[in-house]
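> Sequence first, predicted coordinates after that:
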Amino acid sequence: MTQPLKLVEAVYRKWSNSKPLSIVPLPESGSYRTYYRIQSEKGTVLGVHNGDKRENQAFIYLSNHLKKTGNLVPQVLYADLENHTYFEEDLGNVTLFDHLGTIRKRSCTDEEIMAMYRNVIDAMPGLQIRAYEGLDYSQC
């Protein structure tokens, strides 16, 4: 079997018609998916490899559906399900927790921090309510 990194690079070359400047593996996150940040002259994308084709199909379906229903999720840019690989928009690597730690070091107010939490909480109903409409549960 081809190593995931080599496979991701090969699929990326096929999709983009270019060689990446770099491919950096990202830390594991508790699933069978392996993530790679791929740098090109045009910017970065995340490459994802997961040997479970059905899980990939479900993930891509749900991502597209959530995006379509107005939720703030990364866009799937390209999928090659035969090679268990897909690419999605790279939103960076700063988590809310990391960001809050950084702004706490400068003199921000409790109100600024609460406003960030409110934005996150305000986005949550979309995941539970807006996403319900038109969701094909057989894809899950």
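Structure received.

> Next, Tyr36: secondary structure please.
strand (DSSP: H, G, I helix; E, B strand; the rest coil).

> And the helices in this protein?
Residue ranges of the helices in the chain, as given by DSSP state H, are 4-16, 53-68, 96-105, 110-128.

> what's the burial count for Gln128?
Other residues within reach of Gln128, judged by other C-beta atoms under 10 Å, total 8. C-beta here means a position set from N, CA and C on the backbone, and glycine is covered the same way.

> Now Leu21: closest residue in space that isn't a chain neighbour?
Distance criterion C-beta to C-beta, 6 or more residues apart in numbering; nearest residue to Leu21, sequence neighbours excluded, is Gln39 at 4.6 Å.

> looking at this structure, which helix or strand is least sure?
None of the helices or strands of the chain scores lower by mean pLDDT, DSSP states H and E than helix 96-105, at a mean of 82.

> now what about it, what contacts it?
112-113, 116, 120 (C-beta atoms under 8 Å, 6 or more residues apart in numbering).

> And these, which of them are buried?
Buried members of those, scored by 16 or more other C-beta atoms under 10 Å: none.

> can you put the residues you listed in JSON lines and add distance to Glu89 and pLDDT?
Shown next, in JSON lines, are the contacts of helix 96-105 (distance: C-beta to C-beta, whole Å; pLDDT from 0 to 100):
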{"residue": "Glu112", "distance to Glu89": "27", "pLDDT": "83"}
{"residue": "Ile113", "distance to Glu89": "27", "pLDDT": "84"}
{"residue": "Met116", "distance to Glu89": "21", "pLDDT": "85"}
{"residue": "Val120", "distance to Glu89": "19", "pLDDT": "86"}
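
> Could you single out the nearest of these to His65?
Closest to His65 out of the contacts of helix 96-105 is Val120 (20.6 Å), distances taken as C-beta to C-beta.
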